[in-house]
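Chemist: Sequence unavailable; structure follows:
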């Protein structure tokens, strides 16, 4: 694969990752409300969904899914409704003692992975990227599977680095407000970001 193609793809990936969207809002929500580990798990869930899309692209199923926008639109709306529901619960939840809140965060950390995977899996922009943008960087005359694996590896590394940066920023913010009286505020702020992720997902359209 030519170096200029790899560089062009990497720059495109960076631009898409840095731009705040449902995935970024989801990671910020989990990192602020549940801690660094939950933020990283949400990031891994997003990367898992991307890996699934790369696999679909390799088999051609992604293009078939994109052509059936009615089905994918239903998935999008269900995902958006779920995120808004979870975020609203976080906002309206009764205040908890710090210890109990920490235990709750530890127990719900695994749920952060599912939320991240669902957010990215139902994201129309992700589907468009893997069915319309990705093929532009692939030479059909060359080994397609090998090219997809290379681009997939680059995508995972870049997106994890960008999302980890958001998680690190949230970790620093949590460190500045460790007092118990701020714990409820952080939970509600995280819920607001999750509601925002759901709303952003709902208004996204297929390009």
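Modeler: Right, received. Where do you want to start? Only a predicted model underlies this, so the values are computations on that prediction, with no experimental measurement involved.
Chemist: Could you list every helix and strand that the helix or strand containing residue 126 packs against?
Modeler: Following DSSP states H and E, one finds residue 126 within helix 124-128. With contacts defined as 3 or more CB pairs under 8 Å, 6 or more residues apart in numbering; DSSP states H and E, the packing partners of helix 124-128 are helix 36-59, helix 61-67, helix 69-92. Where you see a C-beta, it was placed from the backbone N, CA and C, and this is true even at glycine.
Chemist: so how far is that helix off the chain centroid?
Modeler: Chain-centre distance of helix 124-128: 12 Å, with CA atoms, centre = their mean, to the nearest Å.
Chemist: Quick one: name whatever helix or strand follows that helix.
Modeler: The C-terminal neighbour of helix 124-128 among helices and strands, as given by DSSP H and E, is helix 144-176.
Chemist: Return the set of buried residues in that following helix.
Modeler: If you call a residue buried by 16 or more other CB atoms under 10 Å, then helix 144-176 has these buried ones: 147-148, 150-152, 154-156, 158-160, 162-164, 166-167, 170-171, 174.
Chemist: next one: stretch 125-142
Modeler: 125, 126, 127, 128, 129, 130, 131, 134, 137, 138.
Chemist: Distance to residue 118 and pLDDT added to these, as JSON lines?
Modeler: Putting those into JSON lines (distance: CB to CB, whole Å; pLDDT from 0 to 100) gives the following:
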{"residue": "125", "distance to residue 118": "15", "pLDDT": "72"}
{"residue": "126", "distance to residue 118": "12", "pLDDT": "74"}
{"residue": "127", "distance to residue 118": "14", "pLDDT": "70"}
{"residue": "128", "distance to residue 118": "18", "pLDDT": "69"}
{"residue": "129", "distance to residue 118": "17", "pLDDT": "73"}
{"residue": "130", "distance to residue 118": "17", "pLDDT": "72"}
{"residue": "131", "distance to residue 118": "19", "pLDDT": "69"}
{"residue": "134", "distance to residue 118": "21", "pLDDT": "75"}
{"residue": "137", "distance to residue 118": "27", "pLDDT": "81"}
{"residue": "138", "distance to residue 118": "28", "pLDDT": "79"}
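Chemist: now, the most widely separated pair of those residues?
Modeler: Of all pairs drawn from the buried residues of stretch 125-142, the one with the largest separation by CB to CB is 125 and 138; the distance is 19.2 Å.
Chemist: how near is the residue of the chain positioned farthest from its centre to residue 147?
Modeler: Residue distances from the centre of the chain (CA atoms, centre = their mean) peak at residue 141, which lies 32.4 Å from the mean C-alpha position. Counting by CB to CB, to the nearest Å, the gap from residue 141 to residue 147 is 11 Å.
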